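S.K.: pasted the sequence and its predicted model underneath.
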Amino acid sequence: GMLFYLVVMLTRSIFDNGLKSLVATMINENYSAVSPVVATALTIIILVMGALGPTLAHRLYPRIVKNEITATILLFAVGTPFGILLLLTGKISYWWIVFFLSILVLMMSATLLLSSYIAARFNKWGKGATLASAVNMMSSLGIVISNLVFTRVVDAFAAGWTAVIWIWVVLLVLSNVLLFVIAPLWKKFLRTKYYY
């Protein structure tokens, strides 16, 4: 189950960390009326929303939702429609795109705090730091993919950013599916006599 979880954390990083560095370019290339200065300034809104993610996660878990994976499913489920709405980039006002990106980054950044709680569940066997380092590795890989692979896709395909957004949508949907696969395994793990 944790291997699937690491794929989810890769997706999280692509949207939380990597996406922030691409927003200004994406808006500038899709909206000719927006200057590079304004596009860069709009990124600040998304950065602020990303910074609020851990606060959202702390209010959600364990106050409202008692299970870390269930909380992650909820955050991904809320974020995914906003990822799909990014397909309207260039067709609707850039303010809507900034709003969609802000909500998506907020949801993804909130899942990072939850990953710390998940890793802590493995401290009993001395594996908490190992899982935390694996999550950090996937976070670093997500940044590399965002800044290297996605920018190449934009330049290589006529669809440009639309092609990249379709990849994002596929990653979000795949992560949602993997989380639903992980959920019963996680519940079983928490109930097992070996955990207690």
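M.R.: Noted; the coordinates are in hand. Numbers count the residues shown, from 1 in each chain.
S.K.: for the rest of this, base every contact and every neighbour count on C-alpha atoms.
M.R.: Fine.
S.K.: first-to-last residue distance for stretch 26-42?
M.R.: 11 Å (CA to CA, to the nearest Å).
S.K.: the worst-scoring helix or strand of the chain on mean pLDDT: which residues count as buried?
M.R.: Using mean pLDDT, DSSP states H and E, the weakest-scoring helix or strand in the chain turns out to be helix 19-30, at a mean of 86. The neighbour-count check on helix 19-30 (16 or more other CA atoms under 10 Å) flags 19-30 as buried.
S.K.: I would like the residues contacting that helix, please.
M.R.: Outside helix 19-30, the residues within contact range by CA atoms under 8 Å, 6 or more residues apart in numbering are 34-36, 39-40, 42-43, 46-47, 89-90, 94, 146-147, 161.
S.K.: give me the low-pLDDT residue ranges for this structure?
M.R.: For the chain, applying pLDDT under 70 flags the ranges 193-196.
S.K.: can you show me the helices along it?
M.R.: Counting by DSSP state H, the chain has helices at residues 2-13, 19-30, 36-60, 68-85, 94-120, 128-144, 150-156, 161-191.
S.K.: quick check on the contacts of helix 19-30: which are buried?
M.R.: Buried members of these, counted by 16+ other CA under 10 Å: 39-40, 42-43, 46-47, 89-90, 94, 146-147, 161.
S.K.: rebuild the residues you listed as TSV, extending it with distance to L179.
M.R.: Below are these laid out as TSV (distance: CA to CA, whole Å):
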residue	distance to L179
A39	34
T40	34
L42	31
T43	29
I46	25
L47	26
T89	27
G90	31
Y94	31
S146	22
N147	25
W161	27
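S.K.: not counting residues beside it along the chain, what's closest to I14?
M.R.: In space, and not counting its chain neighbours, I14 is closest to G142: 4.5 Å by CA to CA, 6 or more residues apart in numbering.
S.K.: list the contacts for that neighbour?
M.R.: By CA under 8 Å, 6+ apart, the residues touching G142 are 10-14, 17-18.
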